[in-house]
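**Student:** Below are the sequence and a predicted model for it; my questions follow.
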Amino acid sequence: MNRELFYISNQISLLRILLIIPTVYLLLYKPEESYSTAIIIVLLVTMYITDLLDGYLARRLDQVSETGKILDPLADKIVVVAIVLILFLQHKIETWFFVIVITRDIMILIFGLYLKSRKRIVLMSNYPGKAAVLSIGIIMLLTIINTQNTELLDALIRYMYYVSVMLILYSLILYFMRFKKSIGDKSYDRQ
């Protein structure tokens, strides 16, 4: 068994993946109940904290690992795709935003698989990518909170759509530049 899986940072990433199970259940089967919304908010905030914590602890405890470089972004993608898909199917987020988020994750997955198979390189998550995921998370959170479709939250969600798209595009450009550099340079710093 992979010893790296037992690093505390990787255990935290696994916890984030497990937390999606009750979140999905509540979104699908108890979406309008106030206690459900409160629990979902706590779960989303916990998932975000674990997203920050796993990377911090990996660096702090010198546990940066190939497993963690895969597990952390995989956990992000599972969380984002699961929740965005449910909100899309419930007609709570815009179709164009759903397409952008899913396209982003598919592109990163394809580029990542290519690098892993051809160059044995795994690009770590970077801060612009984390900021993009945070902006998507804020939209998900505001959408879940906005059960009454209040004008203020509707306006804030619309504003966040554009902020999120800018962050997604910026992080994708940086990711593509890192991808392109790693393809051409065998000694490329994998961080």
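**Tutor:** Done, it's in. Quick caveat, the model's predicted, so the values are computed rather than measured. Numbers count the residues shown, from 1 in each chain.

**Student:** how far away is the most centrally placed residue in the chain from residue 147?
**Tutor:** By Cα atoms, centre = their mean, the chain has its centre lying nearest to residue 76, at 3.0 Å. Residue 76 sits at a distance of 26 Å from residue 147 (criterion: Cβ to Cβ, to the nearest Å). In short, each C-beta sits where N, CA and C put it, glycine included.

**Student:** just residue 56 next, same as before
**Tutor:** Taking Cβ to Cβ, one finds residue 56 at 33 Å from residue 147.

**Student:** mind listing what residue 98 touches?
**Tutor:** The contact partners of residue 98, by Cβ atoms under 8 Å, 6 or more residues apart in numbering, come to 84-85, 87-88.

**Student:** again, only this time at 10 Å
**Tutor:** 84-85, 87-89 (Cβ atoms under 10 Å, 6 or more residues apart in numbering).

**Student:** Tell me which other helices or strands the strand or helix carrying residue 21 touches.
**Tutor:** In the assignment (DSSP states H and E), residue 21 maps to helix 8-29. If you count contacts as 3 or more Cβ pairs under 10 Å, 6 or more residues apart in numbering; DSSP states H and E, helix 8-29 packs onto helix 34-60, helix 66-89, helix 127-145.

**Student:** surely residue 115 meets residue 178?
**Tutor:** Yes. When contacts are counted by Cβ atoms under 10 Å, residue 115 is listed as touching residue 178 (9.4 Å).

**Student:** got TSV for the contacts of residue 98, with pLDDT, distance to residue 157 and neighbour count too?
**Tutor:** Formatted as TSV, the contacts of residue 98 follow (pLDDT from 0 to 100; distance: Cβ to Cβ, whole Å; neighbours: other Cβ atoms under 10 Å):
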residue	pLDDT	distance to residue 157	neighbour count
84	95	13	23
85	95	17	16
87	94	11	20
88	96	14	17
89	94	17	12
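
**Student:** Tell me the one among these nearest to residue 21.
**Tutor:** Using Cβ to Cβ, residue 85 comes nearest to residue 21 of these, at 14.7 Å.

**Student:** List the contacts of that closest one.
**Tutor:** With Cβ under 10 Å, 6+ apart, residue 85 has these contacts: 24, 27, 93, 98, 101-102.

**Student:** quick one: it from residue 5, how far?
**Tutor:** According to Cβ to Cβ, residue 85 and residue 5 sit 27 Å apart.

**Student:** Same check on residue 166?
**Tutor:** From residue 166 across to residue 5, the span is 36 Å (Cβ to Cβ).

**Student:** quick one: low-confidence ranges for the chain?
**Tutor:** 1, 185-191 (pLDDT under 70).

**Student:** mind running it again at 90?
**Tutor:** Applying pLDDT under 90 to the chain flags the ranges 1-9, 29-38, 48, 51-59, 61-77, 105-131, 133, 145-150, 175-191.
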